[in-house]
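I'd like to go over a predicted model; first the sequence, then the structure.
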Amino acid sequence: MKKRVTKAIFPVAGLGTRFLPATKSVPKEIMTLVDRPLIQYAIDEARAAGIKEFIFVTSRGKSALEDYFDIAPHLENELRKKDKTELLDVLKSTNMDSGAIAYIRQQRALGLGHAVWCARRLVHNEPFAVILPDDVIAAEKPCLQQMVEAYEETGGSMVAAMEVPADKASSYGVIDIKEDFGSMVSVKGLVEKPTPEEAPSNLAVIGRYILSPKIMQNLNKMKTGSGGEVQLTDAIDAELKNDRDVFGYRFRGQRFDCGSKAGFLQATVAFGLAREELKDEFGSYLSELMAMQQAAQ
């Protein structure tokens with residue numbers, strides 16, 4: 001009988017240098033997309049997928065991230081006094097129950113695989129999810145929920161996947177496809193950041209994973225790979241060498257790379273237009289802006 005996926009690891013130890021100077025004092029994961037920080041989108045997605053235990057792999061300077069999920073008695077009291085019940089409900093949705101959340105320090109920046117490995121003692125012998133908050137996915141049914149439902153049929157390990165332009169494949173882990181079933185593919189191999197000539201396909205791994213606990217054993221033996229870092233992709237590829245199943249899941253939804261400035265801006269526009277209370281005013285502004293630009297050309 002397959003165990004349910006109830007634990008998720010959130011690797012949030014990165015310095016966010018692409019967003020300096022903002023990230024000099026604010027963790028990148030706290031930067032707001034419309035009115036919610038990136039990490040809130042990741043937490044909401046995990047909750048929708050049935051995750052009960054949340055494991056954050058952090059680093060020095062991330063205390064604001066920990067504070068965000070704590071209760072704020074003074075602020076709550078002020079909202080209560082002013083009878084701002086809607087805001088109070090919004091605020092309460094950011095609180096995490098005692099014991100549901102754990103923080104582990106990654107003391108050296110040795111890559112995603114190393115960050116996941118840091119949580120090994122909390123995962124024990126259970127399957128677990130990994131969510132990269134930089135990847136924000138707009139979907140009718142949250143991406144990880146889609147994957148958990150598919151995982152209940154397949155078991156093994158699973159990565160979220162999407163087609164990317166051939167000239168962009170070198171920025172991703174890329175799937176070597178064994179068999180293509182449409183929304184699902186069975187994986188023959190994984191290549192981290194291949195050159196265009198080396199890329200076995202244009203099906204790239206995106207920041208959502210459901211992984212067998214055997215991955216932690218693989219990471220125990222891992223040496224540095226691409227970029228001089230311990231690569232999670234290599235640990236997943238090792239599952240294949242041990243004749244264990246790995247699947248790629250083509251999720252339904254739109255992914256935004258909020259680890260880049262352009263991706264963050266694109267997500268801001270898309271999520272802003274999707275908000276009922278913003279879409280008319282914001283949409284009108286964007287239309288006027290485009291008309292002005294076209295007139296100036």
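Nice, thanks for sending it over. Because the structure is a prediction, the values reported are computed rather than measured.

can you map out the helices along this protein?
Assigned by DSSP state H, the helices in the chain fall at 38-48, 63-68, 73-81, 85-92, 112-117, 120-123, 143-154, 214-220, 232-241, 261-273, 279-296.

Can you list the helices and strands that the last one packs against?
Put plainly, it is helix 279-296. Counting contacts by 3 or more Cβ pairs under 8 Å, 6 or more residues apart in numbering; DSSP states H and E, helix 279-296 is packed against helix 261-273. (Glycine included, C-beta is placed from N, CA and C.)

which parts of the helix it packs on are buried?
Neighbour-count burial for helix 261-273, with 16 or more other Cβ atoms under 10 Å as criterion, is recorded at Gly263, Phe264, Ala267, Thr268, Phe271, Gly272.

just the strands in the stretch 101-250 of the chain please.
101-105, 128-131, 135-138, 157-163, 173-180, 184-192, 203-211, 246-250 (DSSP state E, counting those that start in this stretch).

returning to what we had before: mean pLDDT for the helices of the chain: which is lowest?
For the helices of the chain, the weakest mean pLDDT is recorded on helix 63-68, namely a mean of 79.

Please identify the most buried of the strands of the stretch 101-250 of the chain.
Compared across the strands of the stretch 101-250 of the chain, strand 128-131 shows the largest average neighbour count, a mean of 26 (mean count of other Cβ atoms under 10 Å).

same for that strand, what does it pack against?
Looks like strand 128-131 contacts strand 7-11, helix 38-48, helix 143-154, strand 203-211 (3+ Cβ pairs under 8 Å, 6+ apart).

what mean pLDDT does that strand have?
96.

Show me how far it is from its chain's centre.
The chain centroid and the centroid of strand 128-131 are separated by 8 Å under Cα atoms, centre = their mean, to the nearest Å.

again with stretch 72-81
Offset of stretch 72-81 from its chain centre (Cα atoms, centre = their mean): 31 Å.

Check stretch 66-79 too.
Between the mean C-alpha point of stretch 66-79 and the mean C-alpha point of its chain there is a distance of 25 Å (Cα atoms, centre = their mean).

Same check on stretch 212-225?
Centre-to-centre, stretch 212-225 and its host chain are 20 Å apart (Cα atoms, centre = their mean).

quick revisit: include distance to Ala161 when you put the helices of the chain into JSON lines, please.
Output for the helices of the chain, formatted as JSON lines (distance: least, Cβ to Cβ, whole Å):
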{"stretch": "helix 38-48", "distance to Ala161": "17"}
{"stretch": "helix 63-68", "distance to Ala161": "28"}
{"stretch": "helix 73-81", "distance to Ala161": "41"}
{"stretch": "helix 85-92", "distance to Ala161": "33"}
{"stretch": "helix 112-117", "distance to Ala161": "16"}
{"stretch": "helix 120-123", "distance to Ala161": "23"}
{"stretch": "helix 143-154", "distance to Ala161": "10"}
{"stretch": "helix 214-220", "distance to Ala161": "17"}
{"stretch": "helix 232-241", "distance to Ala161": "12"}
{"stretch": "helix 261-273", "distance to Ala161": "18"}
{"stretch": "helix 279-296", "distance to Ala161": "31"}
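
so of those, which one's packed in deepest?
Counting by mean count of other Cβ under 10 Å, helix 112-117 has the highest mean neighbour count of these, with a mean of 24.

Check which helices and strands it sits against.
When contacts are defined as 3+ Cβ pairs under 8 Å, 6+ apart, helix 112-117 packs onto strand 7-11, helix 214-220, helix 232-241.

Which of the ones you listed sits closest to Phe251?
The closest of the helices and strands packed on helix 112-117 to Phe251 is strand 7-11. By Cβ to Cβ, the value is 16.0 Å.

Residues in contact with the closest one: which ones?
Residues lying outside strand 7-11 but in contact with it, judged by Cβ atoms under 8 Å, 6 or more residues apart in numbering, are 39, 42, 46, 51-57, 106, 112, 115-116, 119, 122-123, 126, 128-133, 144.

returning to that earlier point: and the buried residues of helix 261-273, which is closest to Lys28?
Using Cβ to Cβ, Phe264 is the member of these that lies nearest Lys28, at 9.6 Å.

so the closest one touches Phe271, yeah?
No. Distance between Phe264 and Phe271: 10.5 Å, which falls outside the contact criterion (Cβ atoms under 8 Å).

For Asn202, give its distance to Ile55.
Relative to Ile55, Asn202 is positioned 32 Å away (criterion: Cβ to Cβ, to the nearest Å).

More neighbours: those two, which one.
The residue with more neighbours, out of Asn202 and Ile55 and counting by other Cβ atoms under 10 Å, is Ile55; that gives 22 against 17.
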